[in-house]
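**Q** structure for the following, please:
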Amino acid sequence: MKIAVTYENGQIFQHFGHTEQFKIYTTKDGKVIHSVVIDTNGSGHGALAGLLSALGVDALICGGIGGGAQAALANAGIKLYGGVSGSPDAAVEALLDGTLGFDPNVKCDHHDHHGEGHTCGDHGCGHHGSENGCH
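**A** Just a heads-up that it's a prediction; the model follows:
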């Protein structure tokens, strides 16, 4: 199984659509056998699910994530474990041993006030503060 984690400075990055790196873990028999940090090369919201799918990722651990990205992951058959923070290594170990605490209803709240079709393109979505759980 391959597990991707949104990654920045050794921690789980809190906004899926703006992540610049993933840490990808390859597991076998419930143990991590390999991990590597990869750059997203500027891929944004929708393209990230395709990138993970192309890499053969089965599951994603992240902080906040918008509804469109959740749908793209579901369409790609990637299981989502959102609302997670802290150490990526510890989160993957917890997932493997069945103790990962995650939020099955996680979302990036700042997307809601823009209405349908919002792409974050005109303002970058980085200026809403951290109260929304995405940054």
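**Q** I figured Leu52 was touching Leu73, is that so?
**A** Yes: applying CB atoms under 8 Å, one finds Leu52 in contact with Leu73, separated by 7.4 Å. The C-beta positions use only the backbone N, C-alpha and C, and glycine is treated the same way.
**Q** list residues touching both of these two?
**A** Leu60 (CB atoms under 8 Å, 6 or more residues apart in numbering).
**Q** what about the helices in this protein?
**A** In the chain, the segments counted as helices under DSSP state H are 45-54, 67-75, 88-96.
**Q** which one of the ones you listed lies closest to Asp103?
**A** Of all the helices of the chain, helix 67-75 sits nearest to Asp103, with 11.8 Å by CB to CB.
**Q** that closest one - contacts with which helices or strands?
**A** Judged by 3 or more CB pairs under 8 Å, 6 or more residues apart in numbering; DSSP states H and E, helix 67-75 is in contact with helix 45-54, strand 79-81.
**Q** and Asp29, how many neighbours does it have?
**A** If you count neighbours by other CB atoms under 10 Å, Asp29 ends up with 7.
**Q** what does the pLDDT read for it?
**A** Note on Asp29: pLDDT of 95.
**Q** just the one 4 residues further on next, same as before
**A** Reported pLDDT at Ile33 in the predicted model: 98.
**Q** so that it lines up with my notes, have the first residue be 30 from now on.
**A** Sure thing, new numbering starts at 30, so read that last one as Ile62.
**Q** least confident secondary structure element in the protein?
**A** Lowest on mean pLDDT, DSSP states H and E among the helices and strands of the chain sits helix 74-83, with a mean of 87.
**Q** for the protein, which spans come out with low pLDDT?
**A** The model of the chain has pLDDT under 70 over residues 73-75, 137-164.
**Q** my guess is Gly93 contacts Gly111, does it?
**A** Yes: using CB under 8 Å, Gly93 is in contact with Gly111, at 7.1 Å.
**Q** any common contacting residues for those two?
**A** 45, 135-136.
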